[in-house]
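K.L.:
next input, structure requested:
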Amino acid sequence: MNRHVVRPLASDQNPRFKDLKKLLGGRGVRKSGHALVAGARQVAEILARHPDACRAWIGREDREPPPAGSPAHLEWLQLAPELFDLLVDPGEETNVFDRNPAVASRLSARVSASTMPSSESASRSRRPARARSSGSTGTG
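P.N.:
Numbers count the residues shown, from 1 in each chain. The predicted structure follows:
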C-alpha cells in the first residue's frame, strides 16, 4: 500500500503542471521559493539531509514510486510521459534521431513512402508547363 498522496497530472493545462514548468527558470524559483532537483545522487542527498524541505516526488506515471524511507508527507506527482518529457527537455532539444538511428531510418522510410506521389500524378508533375502569353497580340 502506498503511503504517499498520489496526484496524476495528464494535461499541460493543469495549474500544478504550469507551476512545475515555472520552476525550470530562475525567475520561477525566486518567486516560489521552490526548486526542482534531479539526479539519483542529488535527490537521495536532499531527501536524507533536508526531508522537511521536500514537497513532492515527481515522476512519470509508469515509473517507480518514491523510495522507501522517503518522508510520508511527500506528494507523488505522476505525470503523463509526454508531460514528464517536457520537464526533462523543455526546449525539446534532445535529438531522438541521433540516439536511435535504426528507428529514425525506419520512420524516415515510412514518411517518404507515404508522401511519395502516385505514378500518374508524378508523370504529370514532370511535364513542362506551357508558356502563356501575358499580353494581347495584334497587328499594328
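
K.L.:
what about the protein, any weak spots by pLDDT?
P.N.:
Applying pLDDT under 70 to the chain picks out residues 1-2, 89-100, 115-140.

K.L.:
got the buried residues for the top helix by length along the chain?
P.N.:
Counting by DSSP state H, the longest helix found in the chain is helix 101-115. Residues of helix 101-115 include none that count as buried (16 or more other Cβ atoms under 10 Å). For every residue, glycine as well, the C-beta is placed using N, CA and C.

K.L.:
also stretch 27-35?
P.N.:
For stretch 27-35, by 16+ other Cβ under 10 Å, it's Gly28.

K.L.:
going forward can the numbers begin at 44, since that is how I track them
P.N.:
Yes, from this point I'll number from 44; that puts the last item at stretch 70-78.

K.L.:
starting at the chain centroid, how far to it?
P.N.:
Computed by Cα atoms, centre = their mean, to the nearest Å, the separation of stretch 70-78 from the middle of its chain amounts to 22 Å.

K.L.:
where do the strands sit along the protein?
P.N.:
Assigned by DSSP state E, the chain shows strands spanning 48-52, 99-103, 118-122.

K.L.:
tell me which of the ones you listed sits most buried.
P.N.:
Comparing those by mean neighbour count (mean count of other Cβ atoms under 10 Å), strand 118-122 ranks first with a mean of 21.

K.L.:
okay, the angle between that strand and strand 99-103?
P.N.:
20 degrees (axes from the mean of the first three to the mean of the last three Cα atoms, to 10 degrees).

K.L.:
returning to that earlier point: other SSEs contacting the longest helix of the chain?
P.N.:
Helix 144-158 sits against helix 139-142, with contacts defined as 3 or more Cβ pairs under 8 Å, 6 or more residues apart in numbering; DSSP states H and E.

K.L.:
circling back: of all the strands of the chain, which one comes closest to Leu90?
P.N.:
Checking the strands of the chain against Leu90 by Cβ to Cβ gives strand 99-103 as the closest, at 9.0 Å.

K.L.:
now the closest one: how far from the chain's centre is it?
P.N.:
That offset, for strand 99-103, works out to 16 Å (Cα atoms, centre = their mean).

K.L.:
run me through the strand neighbours of it, direction for each.
P.N.:
Each strand paired with strand 99-103, and its direction, by DSSP bridges: strand 118-122 (parallel).
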